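Visitor: no FASTA, just this:
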């Protein structure tokens, strides 16, 4: 789960990390009064969307796609400029390297005071899968695309692995700070900042905290100028405040509804809907559809113990996508019995008066009963014995309709 | 003969009085697993009825292992308490026996809880953790066997193919593929789809290589991370038995979590293409479609002179 920069900075500030004064706004009027309140000659007007590359993005009119302004993060040197930039950004589309062509409508702004930057650094905390630990990564090359730095000058990225038994240790903070060329007051400020950020990372169950850039000011203070914070969704049960931080307009509506019914759904661009039990098998089903010349319309895992109602919900979610021209159901029954799935499929197709071709592949527990139920139905359901056959059948069926 | 879990292994169930725990404990007994009881804090002294027999429940893992000399435990505890259940089991196995296998089925454990739990287990070298978010481990026997997890027992048969996989149902698919060419399984292990887990691919490959009853291996990965690439590179110099591989997620879009918490392509890394390439570079025979695993396995067995 991602949150906005202004929310991330709220958490950082509360944890004791130095961030600049700023105000979250949703209207131009609020932006202007934020400028007055901050009393800073120079302010940053920052679009708040859940995607990176905002500074180098393009602001467009959502209807005409005419370019309104280059850059979704602007430095304003006057009240007039705050007015111009805020009006340009709010309600318009911001297209960045991470949003894809469709871009995102900007509904939130962050007006932030300026600061005297001596140097920009990169800092990130994340869970490292290889070491099964929290990894802290820092670089002197702040403000840049870190993947580029990693590829061309990996020696400029410095890493610290935190031992879960001992936590972040003093020497690790010093080593990392010194690797960035810090000394004196700046090194001390860096160490204090890192402790606070690591504590926040653990307490808030973060998946990642990325600060790009982290800056050293002229006064040798270390300040988080940006904040990209994401949470580990598995820990949602112990963070009541996440409901307030979640911006549902940033998430796919169907994906949210799927999650509420215990389904895992990701929309894709193809035209063959898939309904599968198990994440690995669901991915493999998509892959095999593609292998036989089709394009999957979605990833959908109904989980290990889906009932008739969930199968019905799954069908209706798949059918909301107007691109869907056919559906492949692929179930390997373990705990889930094939006869129950077969009944669920029939109930769903009847209730939704399914119009598109449907191929059902069943295997595993009670497979014979399941197949018999499907065969006895008068509905137009095509059976398949294995995944390859199922994929070939559905590809042929929708090909025939084109 | 098998890896880590013998056919007659004595197994405890943590969370045995819960809905999931009781349901699967019953299925395990039905399969023939040597279940010796369970543990639910606060319910010690009770019994649970599995397949018409009474099984004892203990308050703590220390009590349960002391009383039963169990070899393994399987965890069906809900996510908020699962990491603690792993650590309780690790501590009890370590202090009482110096060894033990912990299989954690639970899906949805917070990642930072797992960072802690894995570090805790790794401090106790005789203790092995499999999972979490996995189907478990099964060693099919001549009659019955040891099924420790949620996989459908009836699709398995004793044999010489070792299977290791990140996915649940895709493992069943692989099992069915071995059966389609009249081969059974030595041991099948689901290592789970979470970013931070216990036993990894390399440990499984090493154990299969050492096990005299495993003659070929199926390895199934998925997008995210680079465990598959590392395992392939390791296998190239350390595994002499034929390996057949598949990786799920070739069509997954970058940056999207595909069901499993760990199944995400981030920063362009961890793609299926990358993993298939690593497999091929290591001499692993790849199936591009899981329905062809049987065919590819048969070819590998033939060229190794095993069929």
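Guide: Done, it's in. Small disclaimer: the values here were computed from a predicted structure and weren't measured.
Visitor: Report back the residue of chain B that's furthest from centre.
Guide: Distance from the centre of chain B peaks at residue B:45, with 30.2 Å (CA atoms, centre = their mean).
Visitor: What confidence value was assigned to that residue?
Guide: According to the prediction, residue B:45 has pLDDT 96.
Visitor: Quick check: chain neighbours aside, which residue is closest to it?
Guide: Spatial nearest neighbour of residue B:45, chain neighbours left out: residue B:57 (7.0 Å); criterion: CB to CB, 6 or more residues apart in numbering or on different chains. Just so you know, the C-beta spots here come from the backbone N, C-alpha and C atoms, and that holds for glycine as well.
Visitor: can you pull the contacts of that neighbour?
Guide: Neighbouring residues of residue B:57 by CB atoms under 8 Å, 6 or more residues apart in numbering or on different chains: B:16-17, B:37-40, B:43-48.
Visitor: Relative to residue A:261, which of these is nearest.
Guide: Nearest to residue A:261 among the contacts of residue B:57, counting by CB to CB, is residue B:17 at 27.4 Å.
Visitor: Spatially nearest residue to the closest one, not counting backbone neighbours?
Guide: Leaving aside its chain neighbours, residue B:17 sits nearest to residue B:40 (4.4 Å; criterion: CB to CB, 6+ apart).
Visitor: Export the contacts of residue B:57 as a markdown table, with columns for secondary structure and distance to residue B:288.
Guide: Below are the contacts of residue B:57 laid out as a markdown table (DSSP: H, G, I helix; E, B strand; the rest coil; distance: CB to CB, whole Å):
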| residue | secondary structure | distance to residue B:288 |
| --- | --- | --- |
| B:16 | coil | 42 |
| B:17 | coil | 45 |
| B:37 | strand | 45 |
| B:38 | strand | 43 |
| B:39 | strand | 44 |
| B:40 | coil | 45 |
| B:43 | coil | 49 |
| B:44 | coil | 52 |
| B:45 | coil | 55 |
| B:46 | coil | 51 |
| B:47 | strand | 50 |
| B:48 | strand | 45 |
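Visitor: and which of the residues you listed is nearest to chain A?
Guide: residue B:16 (17.0 Å; CB to the nearest CB).
Visitor: from memory that closest one sits against residue B:37, does it?
Guide: Yes: with contact defined as CB atoms under 8 Å, residue B:16 and residue B:37 form a contacting pair (7.5 Å).
Visitor: between the two, which one's more packed in?
Guide: Neighbours were tallied for residue B:16 and for residue B:37 using other CB atoms under 10 Å in any protein chain shown; the higher tally belongs to residue B:16 (29 against 23).
Visitor: Distance-wise, check that one relative to residue A:305.
Guide: With distances taken as CB to CB, to the nearest Å, residue B:16 is found 18 Å from residue A:305.
Visitor: Next up, phi/psi of residue A:200, please.
Guide: phi -60, psi -40 (degrees, to the nearest 10).
Visitor: Tell me who's in contact with it.
Guide: Applying CB under 8 Å, 6+ apart to residue A:200 gives the contacts A:11-12, A:14-15, A:17, A:206, A:209.
Visitor: same thing but 10 Å
Guide: By CB atoms under 10 Å, 6 or more residues apart in numbering or on different chains, the contact set of residue A:200 is A:8, A:11-12, A:14-17, A:125, A:206, A:209, A:229.
Visitor: now the helices: where do they sit in chain B?
Guide: For chain B, applying DSSP state H gives helices covering B:19-31, B:61-68, B:79-96, B:111-122, B:169-180, B:201-210, B:227-238, B:272-281, B:293-303.
Visitor: Single out the residue in chain B that lies closest to chain A.
Guide: Using CB to the nearest CB, the closest approach of chain B to chain A is made by residue B:167 at 2.3 Å.
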